[in-house]
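A.B. asks: got a predicted model here, sequence first, then my questions.
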Amino acid sequence: MNVLETSKAPGAIGPYSQGYEVNGFIFTSGQIPVNPAGGTVPAGISAQAEQSCKNVGAILESAGTGFDRVFRTTCFLADMGDFAAFNEVYARYFTSKPARSCVAVKELPKGVLCEIEAIAVK
């Protein structure tokens, strides 16, 4: 079991890690749209979805895998009205069309509009 950590994705804001590698499986923590370079959050669902995807990708890369090896995601939206715009960005990254759940939640950390977690194989 290996803890995943990269400076190319935002650090954990609580008592958890960016992800784990366990027996060839990669589990990312939920990635909100915080730019790791400056800690800023872009405005709007499309830009936030883009940054969340980039953050997931950085963790996958640190584990030696990529989006094409993701087989399961869970996505959280602050507003289900953003579903179509979120999907437009998501589809550019998760081209293998992994199994997915997408739910609306009352609130996300830092007041962001979306969060994505992924499970992949090495």
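C.D. replies: Sure thing, it's come through.
A.B. asks: and the longest helix along the chain, what's buried?
C.D. replies: Counting by DSSP state H, the longest helix found in the chain is helix 45-62. Buried residues in helix 45-62, defined by neighbour count with 16 or more other C-beta atoms under 10 Å: 45-46, 48-60, 62. From N, CA and C alone the C-beta is placed, and that goes for glycine too.
A.B. asks: now for whichever helix or strand comes after it, which elements pack on it?
C.D. replies: Past helix 45-62, further along toward the C-terminus, the next helix or strand under DSSP states H and E is strand 70-77. Judged by 3 or more C-beta pairs under 8 Å, 6 or more residues apart in numbering; DSSP states H and E, the packing partners of strand 70-77 are helix 83-93, strand 99-104, strand 114-121.
A.B. asks: just say which of the ones you listed is most tucked in.
C.D. replies: Ranked by mean neighbour count under mean count of other C-beta atoms under 10 Å, the helices and strands packed on strand 70-77 are led by strand 114-121, which reaches a mean of 22.
A.B. asks: that strand vs strand 70-77, what angle?
C.D. replies: In this structure, strand 114-121 runs at an angle of 170 degrees to strand 70-77, with axes from the mean of the first three to the mean of the last three C-alpha atoms, to 10 degrees as the basis.
A.B. asks: chain center to strand 114-121: distance?
C.D. replies: On the basis of C-alpha atoms, centre = their mean, to the nearest Å, the separation between the geometric centre of strand 114-121 and that of its chain is 5 Å.
A.B. asks: got a list of contacts for it?
C.D. replies: Counting contacts by C-beta atoms under 8 Å, 6 or more residues apart in numbering, the residues outside strand 114-121 that touch it are 24-33, 45, 48-49, 52-53, 55-56, 60, 63, 65-66, 69-78, 82, 86, 90, 98, 108-109.
A.B. asks: at 6 Å what do you get?
C.D. replies: 24, 26-28, 30-32, 48-49, 52, 56, 60, 65, 69-70, 72-77, 86, 108 (C-beta atoms under 6 Å, 6 or more residues apart in numbering).
A.B. asks: just the buried residues of these.
C.D. replies: Neighbour-count burial (16+ other C-beta under 10 Å) is assigned, among those, to 26-28, 30-32, 48-49, 52, 56, 60, 65, 69-70, 73, 75-77, 86, 108.
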